[in-house]
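K.L.:
Fold the stuff below for me.
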Amino acid sequence: MQISRRDVLRSSAAAAGSVAALGGFGLGLADAAVAGSPTVRAAGRTAVLGKTTRTAVLAKGTAGAGGYRPVVARAGEATVVRGGLGAEAQRKRASRRRALVAFGQMSDVHICDSESPNRLENAEFFSSSAYRPGEMLGLHVAEAMVRQINRIGRGPVTRRKLDFVVQTGDNADNAQYNELRWNIDVLDGGTVRQDSGDLNRYEGVMDSSDPAFYAPAYYHPDGTPAGQVDDDYRKTYGFKAIPGLIDAARRPFDATGLDVPWYSALGNHDPLIQGNEAPDATSQAKAIGGTKTIRVGQLPRNVTPDPDRRQLSTAEIVEEHFHLVPGAPGPVGHGFTPENRKSGTGYYTFDHGKHLRFVVLDTVNHNGDDRGSLNQTQLSWLRKVLAGSRKRLVVVASHHTSWTMNSTVTGSIDPGRRVHGDELVKELLRHPNVIAWVNGHTHSNKILPHPRKKKGGKGRAAVVGGFWEINTASHIDWPQQARLIEVADNRDGTLSIFTTMIDHGAPTAYADLGSPLELAAVARELAANDPQERSKKRGGVRTSRNTELLLPAPAFLTKKKKK
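P.N.:
The predicted structure is shown next:
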């Protein structure tokens with residue numbers, strides 16, 4: 001994620017004045033239900049959604065005290081047809097088309113050890129990911145998304161069974177072993193617990209049990225200690241106390257696990273501290289040590305050391321993906337290969353069926369930068385892969401986008417000239433069989449066409465193809481969505497790429513704190529009301545959500561169909 005994402009200083013919360021706390025956390029059914037919609041039904045105090053945002057979509061409701069908004073269900077969004085790459089929508093293509101693949105994309109889950117001494121909560125005034133009020137609930141959001149993907153089971157347009165899921169990076173939040181392991185285990189299935197250090201008590205910045213370390217700059221769901229002032233979230237922004245939330249978040253639970261294989265890509269938060277700095281001996285000692293800074297100017301708090309907070313190299317991250325939970329759907333390595341295991345690299349390919357090749361890139365600048373880039377070795381590898389893929393449709397997957405791959409940082413960890421997004425786009429456009437680039441990082445939904453042009457008469461240039469760049473929102477920030485992607489051959493000289501957003505499977509509001517889905521509902525509402533996210537439009541425009549993306553079918557595919 002980008003370091004400039006949050007631009008509201010924490011000190012502004014205290015200066016905003018006191019506002020009465022919101023009277024109720026959650027919403028009534030009158031707010032949640034969509035009139036006449038069969039896809040939303042009452043269930044106690046909550047609303048249970050349809051399967052995808054084609055039938056119902058979550059939104060922010062009417063603002064109450066402090067600008068706090070409930071999560072409500074709205075009518076679904078239809079699929080928008082998009083052209084622009086030299087292909088026109090043909091009549092009756094739906095009756096002719098054949099689905100080639102259907103897969104899910106999860107991105108920027110940011111599983112976070114909120115008790116880690118190496119967290120940088122005090123740096124929030126300049127770091128985009130320093131602190132979030134619901135960061136201790138990432139495992140529960142991931143579990144809710146896994147359950148929803150399993151429940152859907154098929155591409156919503158082509159009805160093809162889902163083939164796999166791709167995670168496009170920032171799976172962990174702070175380059176730690178325990179965060180990585182939690183992410184793997186929640187997707188594989190098995191017992192998980194988002195807790196570290198002393199398993200009998202919480203030792204992070206949201207703790208209300210010790211007034212000496214109470215800091216009103218952070219949300220304290222257990223309330224205000226005697227003699228202290230309410231925290232900024234409750235005093236100014238309409239948050240309310242949710243007693244027992246932190247202890248509920250720390251309880252172990254049995255993760256469902258995906259029903260389909262899943263593949264992993266690296267994001268900047270996976271090997272870099274807070275997504276920005278390369279680990280070193282000093283940061284490693286701090287991560288596994290016994291002191292944690294709560295606020296500037298205060299003595300650090302003594303916390304329980306934990307070796308599972310150790311920071312991992314790329315080679316160690318790759319290695320962990322070969323340690324699957326028993327019974328997990330695989331594949332072994334979750335895409336990473338024996339060569340990655342040997343060389344410590346994070347890029348690879350995998351094929352699906354007769355027609356598709358997926359190229360997974362490592363766009364992290366391992367020298368240290370939240371922005372992305374490639375090194376020369378990976379670019380050379382990519383060129384060879386693309387040259388050898390002429391008879392397959394190619395889908396590229398990575399963490400960073402074309403417009404966030406602009407890191408110029410060099411160093412001994414990853415030496416040499418950096419390859420930026422514009423250079424990568426030019427390389428991909430040289431290959432007519434490259435049809436899509438799927439990525440994350442921005443925590444927003446956006447879809448861009450990259451046209452391939454051919455010079456015509458009188459100096460004019462005609463669009464003769466290209467590829468679609470599909471950028472998908474995060475699980476940690478509102479709207480906490482994933483995306484389903486289907487590729488279909490329309491058998492008329494065109495391809496269609498269908499993209500459909502999905503909200504995770506938690507209800508719109510929590511009734512108690514007794515299950516992962518109820519806790520995921522809390523996480524979603526906290527994300528919707530994060531003061532530094534309220535002005536963001538991360539859901540994107542309609543043409544970047546549920547879409548049919550048209551493009552010409554490569555010659556090898558159309559020639560084969562004519563025989």
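
K.L.:
So A63 sits against R69, correct?
P.N.:
Yes - counting by CB atoms under 8 Å, A63 touches R69, with 5.1 Å between them. Where you see a C-beta, it was placed from the backbone N, CA and C, and this is true even at glycine.

K.L.:
P221 reaches Y202, doesn't it?
P.N.:
No - using CB under 8 Å, P221 is not in contact with Y202, being 10.5 Å away.

K.L.:
Identify the contacts common to these two.
P.N.:
I246 (CB atoms under 8 Å, 6 or more residues apart in numbering).

K.L.:
For R96, which residues are in contact?
P.N.:
N490, R491, D492.

K.L.:
More neighbours: P221 and Y202, which one.
P.N.:
A count of neighbours by other CB atoms under 10 Å puts P221 above the other of P221 and Y202, at 27 against 22.

K.L.:
Secondary structure class of the more buried one, three-state.
P.N.:
Assigned state for P221: coil (three-state reduction, DSSP: H, G, I helix; E, B strand; the rest coil).

K.L.:
Quick check: phi and psi on it?
P.N.:
phi -60, psi -20 (degrees, to the nearest 10).

K.L.:
Could you list the low-confidence segments of the stretch 401-550 of the chain?
P.N.:
457-459 (pLDDT under 70).

K.L.:
which residues in it form strands?
P.N.:
434-439, 446-455, 461-471, 481-489, 494-503, 547-552 (DSSP state E, counting those that start in this stretch).

K.L.:
elements contacting the last one?
P.N.:
By that I understand strand 547-552. strand 80-82, strand 446-455, strand 461-471, strand 494-503 (3 or more CB pairs under 8 Å, 6 or more residues apart in numbering; DSSP states H and E).

K.L.:
what's the closest of these to K92?
P.N.:
strand 494-503 (12.2 Å; CB to CB).

K.L.:
and the gap between H443 and I502?
P.N.:
16 Å (CB to CB, to the nearest Å).

K.L.:
hmm, I was thinking of G275
P.N.:
Using CB to CB, we find G275 at a distance of 25 Å from I502.

K.L.:
Flag the helix or strand of this protein with the lowest per-element mean pLDDT.
P.N.:
The helix or strand of the chain with the poorest confidence is helix 29-32; it has a mean of 25 (mean pLDDT, DSSP states H and E).

K.L.:
ok, back up a step: okay, G275 and I502: which has more neighbours?
P.N.:
Neighbour count, other CB under 10 Å: between G275 and I502, G275 has more, with 29 against 25.

K.L.:
and that one, what element?
P.N.:
When elements are assigned from DSSP states H and E, G275 belongs to no helix and no strand.

K.L.:
can you map out the strands along the stretch 251-400 of the chain?
P.N.:
253-255, 262-265, 291-292, 301-302, 348-352, 356-360, 393-397.

K.L.:
which stretch among the ones you listed comes nearest T410?
P.N.:
Proximity to T410 (CB to CB) singles out strand 262-265 among the strands of the stretch 251-400 of the chain, at 22.8 Å.

K.L.:
avg pLDDT for that closest one?
P.N.:
Regarding strand 262-265, the rounded mean pLDDT is 98.

K.L.:
Just the residues contacting it, thanks.
P.N.:
164-169, 171, 187, 321, 329, 331, 334-336, 346, 350, 358, 360-362, 397-399.

K.L.:
quick one: which of those sit in helices?
P.N.:
L187 (DSSP state H).

K.L.:
Could you write me a PyMOL select line covering just the buried ones among the contacts of strand 262-265?
P.N.:
Selection of buried members from these for PyMOL, criterion 16 or more other CB atoms under 10 Å:
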select buried, resi 164+165+166+167+168+169+171+187+321+329+331+334+335+336+346+350+358+360+361+362+397+398+399
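
K.L.:
before we move on, back to that, looking at the helices and strands packed on strand 547-552, which one is packed in the most?
P.N.:
By mean neighbour count, with neighbours taken as mean count of other CB atoms under 10 Å, strand 494-503 ranks first of these at a mean of 24.

K.L.:
and the angle for that strand with strand 434-439?
P.N.:
With axes from the mean of the first three to the mean of the last three CA atoms, to 10 degrees applied, the angle from strand 494-503 to strand 434-439 works out at 10 degrees.
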